[in-house]
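Undergrad: sequence and predicted structure are below.
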Amino acid sequence: MTETLAGLGETELLQRLARFAPAYQLSDDTACLVADARPLLINTDVLVDDVHFSETTTAPEDVGWRAVSANFSDLAASGAISIDGITVALVAPGDTSWDWVKGVYSGMSEALSCFGGILLGGDCSTGQERLLSLTALGRLGPCHLHRGHACPGDVLVTSGVHGLSRLGLALLQSDPLADRSILSASLQAEAIQRHRRPTPRFDALQALLNCKPSQLPWRAGGTDSSDGLLAGIRGMCASSKCGALLDRDQLPQSVDWPEGPPWDRWCLAGGEDFELILSLPPSWADAWLQAFPEGHRLGSFHAETDAVLWSDDRTPVVAPGFDHFDKP
């Protein structure tokens, strides 16, 4: 017989969830963090059933992993070099199985083991749909990456290829746009893995910190591509009051990525790739690309406010992406 949350009751559920945290960590309604001279970075992400995950595409363990990775990607994109931990708010109907909840928390624990931090606390409640709200806390390193720190003349770079997560989702949904006959087996496997188990790019951040030319200040623009590559670039342009030029022949795509407008759109606006997008002085960009071979040079920033243009013909870069509140 399947155990449900309604059958367990709140007290038993909380006792079981406490096993995913250090001993006594969930015994109180507050968590106590050790004082640290480094600034504290905080972010919150919400994952909603049938919006950010579904049983047809995402195992419970992958839901938990993705939830942690999404939060940690934001911390990496701000310059966090260590993680304190996460708090988790869980909302689920009473008929939700305990096995699903256990799988989600197991996935979160696996991600914490990989990237650092602990389960600090949280809350749970019944509700009409399954929902996870995570808050992550990390410590800022020497460089505060910020969308508003891009400057005209900076080089635009990113930490990896884009479009794989969107392709992975399409494959899992048997979307006819993801024509398996034109996709290599290795590309299909990588895309599904990237969708299920994204990785926050702390490695790219550490390489960036290690290779800064000594004569430069700690000034760099940064965000991540959780909402899509183009959306991230636009966000940096809006915050920095500048524009960007993208090179068509330097889109960050896998080596066996198909050609054509639909595939370019997935690269630009597929979303959930969780790569860093950076604005760097030229000498720092050169040093980082040499130190971090996975990185890609995309173009540059210029003084024309909010204009994201192709560098060859100066036409606007257009690729519709995901909007949480768009009409269905």
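TA: Arrived safely, thanks for sending.

Undergrad: could you use CA atoms for every contact and neighbour count after this?
TA: Noted.

Undergrad: in this structure, which strand is the longest?
TA: In the chain, with assignment by DSSP state E, the single longest strand is strand 80-92.

Undergrad: can you report the mean pLDDT over the residues of it?
TA: For strand 80-92, mean pLDDT rounds to 97.

Undergrad: which outside residues touch that strand?
TA: 33, 41, 112, 115-141, 202, 206 (C-alpha atoms under 8 Å, 6 or more residues apart in numbering).

Undergrad: does anything pack onto the helix or strand following that strand? Which helices or strands?
TA: Stepping forward along the backbone from strand 80-92, the first helix or strand reached (DSSP states H and E) is helix 98-115. Contact analysis of helix 98-115 by 3 or more C-alpha pairs under 8 Å, 6 or more residues apart in numbering; DSSP states H and E lists helix 60-76, strand 118-126 as its packing neighbours.

Undergrad: buried ones in helix 98-115?
TA: Buried residues in helix 98-115, counting neighbours by 16 or more other C-alpha atoms under 10 Å, are found at 98, 100-112, 115.

Undergrad: ditto for stretch 130-142
TA: Of the residues in stretch 130-142, those scored as buried under the neighbour-count criterion (16+ other C-alpha under 10 Å) are 130, 131, 132, 133, 134, 135, 136, 137, 138, 139, 140, 141.

Undergrad: residue 49 is in contact with the first one, correct?
TA: Yes. Under the criterion of C-alpha atoms under 8 Å, residue 130 makes contact with residue 49 at 5.4 Å.

Undergrad: look up phi and psi at the most centrally placed residue in the chain.
TA: Nearest residue to the geometric centre of the chain (C-alpha atoms, centre = their mean): residue 274, 3.3 Å. In terms of degrees, to the nearest 10, the main-chain angles of residue 274 are phi 60, psi 40.

Undergrad: which residues does it contact?
TA: Taking C-alpha under 8 Å, 6+ apart as the test, what residue 274 contacts is 70, 73, 198, 199, 200, 201, 224, 225, 226.

Undergrad: at 7 Å what do you get?
TA: Contact analysis of residue 274 by C-alpha atoms under 7 Å, 6 or more residues apart in numbering lists 73, 198, 200, 224, 225, 226.

Undergrad: tabulate those in CSV, adding columns for secondary structure.
TA: Shown next, in CSV, are the contacts of residue 274 (DSSP: H, G, I helix; E, B strand; the rest coil):
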residue, secondary structure
73, helix
198, coil
200, coil
224, strand
225, coil
226, coil
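
Undergrad: where neighbours are concerned, which of those has the most?
TA: Using other C-alpha atoms under 10 Å as the contact criterion, the top neighbour count among the contacts of residue 274 goes to residue 224, which has 31 neighbours.

Undergrad: what about the strands in the stretch 201-328 of the chain?
TA: In the stretch 201-328 of the chain, strands defined by DSSP state E, counting those that start in this stretch lie at 221-224, 243-246, 276-280, 296-302, 308-310, listed in chain order.

Undergrad: the ones you listed into a markdown table, with extra columns for distance to residue 231 and mean pLDDT?
TA: Converted to a markdown table, these look like this (distance: least, C-alpha to C-alpha, whole Å; pLDDT from 0 to 100):
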| stretch | distance to residue 231 | mean pLDDT |
| --- | --- | --- |
| strand 221-224 | 9 | 98 |
| strand 243-246 | 12 | 98 |
| strand 276-280 | 10 | 98 |
| strand 296-302 | 14 | 98 |
| strand 308-310 | 10 | 97 |
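
Undergrad: what's the closest of those to residue 60?
TA: Distances from residue 60 to each of the strands of the stretch 201-328 of the chain were compared using C-alpha to C-alpha; the shortest belongs to strand 221-224, at 24.4 Å.

Undergrad: quick one: list the elements packing against that closest one.
TA: strand 276-280 (3 or more C-alpha pairs under 7 Å, 6 or more residues apart in numbering; DSSP states H and E).

Undergrad: shaky segments in this structure?
TA: Residues of the chain meeting the criterion pLDDT under 70: 321-328.

Undergrad: quick one, helices of it?
TA: Assigned helices in the chain, in chain order: 5-8, 10-17, 60-76, 98-115, 164-172, 185-196, 202-210, 229-240, 261-269, 282-291 (criterion: DSSP state H).

Undergrad: I appreciate the help and will end here.
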